[in-house]
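Enquirer: sequence unknown, structure follows:
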């Protein structure tokens, strides 16, 4: 089954139907300033296995503002639903994608901060098919 959402009529807002409520999962990382290149290389070189998962829509690694001791990064995945994201977190693909390489130096301060968001209203400049 394929569902889609797109802009409502100009000047109106639309609540997304329950079956079209995507889920956005974000992790924020405070990356040590002199480790940003290494951090980005870890992400560019890893095999995420996301495309193997039902309900996966898209992924982005975002570089944010710089502070005195770190640069803020966020990993941002969009899922068809919260249930699809939760299935990912319990999957073998998740375990493979998040395996640690022994002996790597700490690249970020503290633990990543997870934030999850379920869409309740939305618009887009283009139609987005959600399979």
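Expert: Good, I have the coordinates. Quick caveat, the model's predicted, so the values are computed rather than measured.
Enquirer: Which pLDDT value belongs to residue 95?
Expert: Looking at residue 95, its pLDDT reads 88.
Enquirer: Now do the helices in this protein.
Expert: 36-45, 82-89, 92-97 (DSSP state H).
Enquirer: Deepest in the core, which of these is it.
Expert: Burial of these is given as mean neighbour count (mean count of other C-beta atoms under 10 Å); helix 82-89 ranks first at a mean of 16. In short, each C-beta sits where N, CA and C put it, glycine included.
Enquirer: What's the mean pLDDT across that one?
Expert: Taken as a whole, helix 82-89 has a mean pLDDT of 94.
Enquirer: Tell me the helices and strands packed up against that helix.
Expert: strand 23-32, strand 70-79, strand 108-118 (3 or more C-beta pairs under 8 Å, 6 or more residues apart in numbering; DSSP states H and E).
Enquirer: Can I get these in JSON lines including mean neighbour count, mean pLDDT and distance to residue 94?
Expert: Converted to JSON lines, the helices and strands packed on helix 82-89 look like this (neighbours: other C-beta atoms under 10 Å; pLDDT from 0 to 100; distance: least, C-beta to C-beta, whole Å):
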{"stretch": "strand 23-32", "mean neighbour count": "18", "mean pLDDT": "96", "distance to residue 94": "11"}
{"stretch": "strand 70-79", "mean neighbour count": "19", "mean pLDDT": "96", "distance to residue 94": "11"}
{"stretch": "strand 108-118", "mean neighbour count": "12", "mean pLDDT": "92", "distance to residue 94": "13"}
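Enquirer: now for those, which one comes closest to residue 45?
Expert: strand 70-79 (14.6 Å; C-beta to C-beta).
Enquirer: so what strands line up beside that closest one?
Expert: Using DSSP bridges, the strands paired with strand 70-79 in its sheet are strand 23-32 (antiparallel), strand 56-66 (antiparallel).
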